[in-house]
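1. I need the structure of the sequence given here:
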Amino acid sequence: QVQLVESGGGSVQAGGSLRLSCAASGRTFNTYDMGWFRQAPGKEREFVASIRWSGTSTYYADSVKGRFTISRDNAKKSVYLQMSNLRPEDTAVYYCGATTTYVSRSSDDYKYWGQGTQVTVSS
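-> Okay, the predicted model is just below:
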């Protein structure tokens, strides 16, 4: 069992930066690959980035590649999403999830989810 709590969301202007954090509880955090997804109003949840349990592999959606960086600290049971050069189209609720499927890009493969944190980017 893994419980996830996101934080770090907020409102920024286009071009700004935010760092999202996802804190996990449970003894098995470092056995899960982790992912960040986002959901804008009226849209489906979409993949943003994922990271292997060891931190050795990362994957990104094309829309965020070069602007966002996913990382994790297993000792702190946390995963992070550093977001730079934010755009209005990045506005969404951001969720972290835990999966046993190799750095999956599909939300269906994620077993545990946090409650989400709102990111709003104004132009």
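
2. Could you pull up the contacting residues of the nearest residue to Thr117 once chain neighbours are set aside?
-> Leaving aside its chain neighbours, Thr117 sits nearest to Gly9 (3.4 Å; criterion: C-beta to C-beta, 6 or more residues apart in numbering). (C-beta placed from N, C-alpha, C; glycine too.) Gly9 makes contact with Leu18, Leu20, Tyr94, Thr117, Gln118, Val119 under the criterion C-beta atoms under 8 Å, 6 or more residues apart in numbering.

3. Repeat that for Val2.
-> Here Val2 is in contact with Ala24, Ser25, Gly26, Thr28, Phe29, Tyr32, Ala98, Lys111, Tyr112 (C-beta under 8 Å, 6+ apart).

4. sorry, back to before: if I look at the residue nearest to Thr117, how far off is Ser104?
-> 23 Å (C-beta to C-beta, to the nearest Å).

5. mind listing the strands for the chain?
-> Along the chain, counting by DSSP state E, strands occupy 3-7, 10-13, 18-25, 33-39, 46-51, 58-60, 68-73, 78-83, 92-99, 110-113, 117-122.

6. any chance of those strands in JSON lines, plus mean pLDDT and mean neighbour count?
-> What follows is the strands of the chain, written out as JSON lines (pLDDT from 0 to 100; neighbours: other C-beta atoms under 10 Å):
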{"stretch": "strand 3-7", "mean pLDDT": "97", "mean neighbour count": "18"}
{"stretch": "strand 10-13", "mean pLDDT": "98", "mean neighbour count": "13"}
{"stretch": "strand 18-25", "mean pLDDT": "97", "mean neighbour count": "19"}
{"stretch": "strand 33-39", "mean pLDDT": "98", "mean neighbour count": "24"}
{"stretch": "strand 46-51", "mean pLDDT": "98", "mean neighbour count": "22"}
{"stretch": "strand 58-60", "mean pLDDT": "97", "mean neighbour count": "17"}
{"stretch": "strand 68-73", "mean pLDDT": "98", "mean neighbour count": "18"}
{"stretch": "strand 78-83", "mean pLDDT": "98", "mean neighbour count": "23"}
{"stretch": "strand 92-99", "mean pLDDT": "97", "mean neighbour count": "23"}
{"stretch": "strand 110-113", "mean pLDDT": "96", "mean neighbour count": "18"}
{"stretch": "strand 117-122", "mean pLDDT": "98", "mean neighbour count": "17"}
